[in-house]
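Chemist: Using only what follows, build the 3D model:
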Amino acid sequence: MAGLGSPLLVLIFLAASAATWAAGVLLSKTTDALDARLGLGDELGGLILLALAGSLPELAITISAAASGNLALAAGNLIGGIAIQTMVLLLCDFAVGPSRPLTYLVGRLTPVLEGLLVILVVAGVEMGALLEPSTAIGGRVSPASLGIVVIWVVGIYGINRAAKDPRWSVSMPGSRPGRRRRERRHPEQPHPYPGSSTRKVATIFGLACFVTLAAGVALEESGNVLADRLGVNGVIFGATILAGATALPEISSGIAAVRLGDHALAMGDIFGGNAFQVCLFLVADLVAGTPVLPSAGPLNAWLAALGVALTAVYGFGVISRPLHTRLRLGPDSLLALALFGFGIAGLFYVPH
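Modeler: Now for the predicted structure:
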């Protein structure tokens with residue numbers, strides 16, 4: 001794409017973003033339908049499949065960037081995407097309405113466990129970034145990348161057990177958590193594609209996966225050339241514009257969930273997607289043929305800390321349950337907005 005003019009590259013980037021949004025909507029609907037028919041969310045394998053479906057844009061960009069040797073962009077998209085996607089909760093909070101904040105309505109502690117898992121795997125990212133590049137399993141895979149995947153699988157297993165058989169009792173008067181993962185079909189609305197066969201739904205799911213992957217490659221290649229022409233650092237571009245484009249499916253599904261009253265599920269899916277996203281460093285290592293985390297650098301360290309801080313803000317909000325909103329946002333969302341603005345502005349002052 002380096003030989004194309006900038007206006008055409010902008011058009012390709014916007015078209016790929018629109019395709020990502022449209023395919024993300026289809027992925028959300030078909031995943032919901034398949035989950036309702038096959039009970040995928042009840043088992044660990046199903047949770048992994050559902051997380052992978054939600055992270056397809058990031059997967060496509062990771063593979064494309066790693067294959068082209070642009071390791072900084074791959075790392076920036078994965079790490080910076082955590083902060084961007086956590087801010088989707090601010091949009092969900094705004095969509096809930098002016099009466100009560102999103103974190104007041106959540107009514108469960110499971111999203112807090114998922115937020116703690118995000119913090120655990122991001123800690124693994126930070127530690128892996130400090131390893132020598134020569135520290136690798138088979139000369140290709142960072143032990144930190146493998147460790148992150150192990151921590152994620154164990155964490156998801158533990159969270160799933162805690163959700164099915166909680167060892168505590170919590171009373172949250174006034175909360176409206178909505179469906180549980182095992183009850184994804186909303187009582188007032190049938191699951192999508194009620195008149196279609198499971199084979200047809202699976203075919204639509206596969207086509208949406210293909211479109212998402214193709215759009216992700218187009219986003220990475222067109223965006224990388226545009227960033228070079230504008231003189232924008234690859235990490236900053238990957239953590240802001242590119243991460244924002246890949247967060248479009250989460251915005252669509254998150255707002256749809258809170259409008260259905262599925263407040264706990266909306267927050268849990270954001271945290272769950274963020275925790276799974278950094279597992280893609282293992283894929284990046286395999287594609288690049290060398291550990292990617294040691295090339296993360298100080299900008300990505302700053303972004304990782306920002307993602308952890310934003311996750312902690314919303315986890316604190318779920319436990320403290322603020323009562324009032326300002327401008328349709330709870331105090332935790334207002335704090336997150338200020339923190340996010342500070343974090344993005346700070347990128348331009350971090351040595352790189």
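
Chemist: what are the C-alpha coordinates of stretch 17-26, in CSV please?
Modeler: The C-alpha trace of stretch 17-26 is given here as CSV (Å, rounded to 0.1, in the frame of the first residue of the first chain):
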residue,chain,number,x,y,z
SER,A,17,-13.3,0.3,10.1
ALA,A,18,-16.8,0.1,8.8
ALA,A,19,-16.3,-3.6,7.8
THR,A,20,-15.0,-4.3,11.3
TRP,A,21,-18.1,-2.7,12.8
ALA,A,22,-20.5,-4.6,10.6
ALA,A,23,-18.7,-7.9,11.0
GLY,A,24,-18.5,-7.3,14.7
VAL,A,25,-22.3,-7.0,14.9
LEU,A,26,-22.7,-10.2,13.0
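
Chemist: Let me see the mean pLDDT of it.
Modeler: Here stretch 17-26 scores 85 as its mean pLDDT.

Chemist: Please point out which parts of it sit buried.
Modeler: For stretch 17-26, a neighbour-count test (16 or more other C-beta atoms under 10 Å) marks 17, 19-26 as buried. For the C-beta atoms, the positions are set from N, CA and C on the backbone; glycine is no exception.

Chemist: Any chance you could list what contacts that stretch?
Modeler: 57, 204-205, 207-209, 211-212, 214-216, 218-219, 245-246, 248-250, 252-253 (C-beta atoms under 8 Å, 6 or more residues apart in numbering).

Chemist: hang on, the earlier thing: CSV for the buried residues of stretch 17-26, including secondary structure and distance to Ala275?
Modeler: CSV is the format used below for those (DSSP: H, G, I helix; E, B strand; the rest coil; distance: C-beta to C-beta, whole Å):
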residue, secondary structure, distance to Ala275
Ser17, helix, 24
Ala19, helix, 26
Thr20, helix, 21
Trp21, helix, 23
Ala22, helix, 26
Ala23, helix, 22
Gly24, helix, 19
Val25, helix, 23
Leu26, helix, 24
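
Chemist: now the contacts of stretch 17-26: which count as buried?
Modeler: Applying 16+ other C-beta under 10 Å to those, the neighbour count classes 57, 204-205, 208-209, 211-212, 215-216, 218-219, 245-246, 248-250, 252-253 as buried.

Chemist: Please flag which of these sit within strands.
Modeler: Among the buried ones among the contacts of stretch 17-26, no member falls in strands (criterion: DSSP state E).

Chemist: Out of these, list just those in helices.
Modeler: 57, 204-205, 208-209, 211-212, 215-216, 218-219, 245-246, 248-250, 252-253 (DSSP state H).

Chemist: Going along the chain, name the helices of the stretch 51-200 of the chain.
Modeler: Assigned by DSSP state H, counting those that start in this stretch, the helices in the stretch 51-200 of the chain fall at 56-67, 71-86, 88-96, 102-105, 110-129, 143-164, 198-230.

Chemist: Can you tell me which of those helices is nearest to Asp332?
Modeler: helix 102-105 (5.5 Å; C-beta to C-beta).

Chemist: on contacts alone, who are the packing partners of the closest one?
Modeler: The helices and strands touching helix 102-105, judged by 3 or more C-beta pairs under 8 Å, 6 or more residues apart in numbering; DSSP states H and E, are helix 88-96, helix 263-277, helix 297-320.

Chemist: Could you pull out the buried residues of whatever helix or strand comes next after the second one?
Modeler: So the one you mean is helix 263-277. Per DSSP states H and E, helix 263-277 leads on to helix 281-288 as the next helix or strand towards the C-terminus. Neighbour counts using 16+ other C-beta under 10 Å place 281-288 of helix 281-288 among the buried residues.

Chemist: quick one on the thing from earlier: just name the most buried of the helices and strands packed on helix 102-105.
Modeler: Across the helices and strands packed on helix 102-105, averaging neighbours per residue (mean count of other C-beta atoms under 10 Å) puts helix 263-277 on top, at a mean of 27.

Chemist: and the angle from that one to helix 110-129?
Modeler: Interaxial angle, helix 263-277 versus helix 110-129 (axes from the mean of the first three to the mean of the last three C-alpha atoms, to 10 degrees): 10 degrees.

Chemist: Using PDB, write out every CA atom in helix 263-277.
Modeler: Extracted as PDB, the C-alpha positions of helix 263-277 are listed here (Å, rounded to 0.1, in the frame of the first residue of the first chain):
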ATOM      1  CA  HIS A 263     -25.200  -4.700  33.100                       C
ATOM      2  CA  ALA A 264     -22.900  -7.300  34.700                       C
ATOM      3  CA  LEU A 265     -22.500  -9.200  31.400                       C
ATOM      4  CA  ALA A 266     -21.500  -6.000  29.500                       C
ATOM      5  CA  MET A 267     -18.800  -5.200  32.100                       C
ATOM      6  CA  GLY A 268     -17.600  -8.800  32.300                       C
ATOM      7  CA  ASP A 269     -17.300  -9.100  28.600                       C
ATOM      8  CA  ILE A 270     -15.100  -6.000  28.400                       C
ATOM      9  CA  PHE A 271     -12.800  -7.200  31.100                       C
ATOM     10  CA  GLY A 272     -12.800 -10.700  29.700                       C
ATOM     11  CA  GLY A 273     -11.800  -9.500  26.300                       C
ATOM     12  CA  ASN A 274      -9.000  -7.400  27.700                       C
ATOM     13  CA  ALA A 275      -7.600 -10.300  29.700                       C
ATOM     14  CA  PHE A 276      -7.700 -12.600  26.600                       C
ATOM     15  CA  GLN A 277      -6.200  -9.900  24.300                       C
END
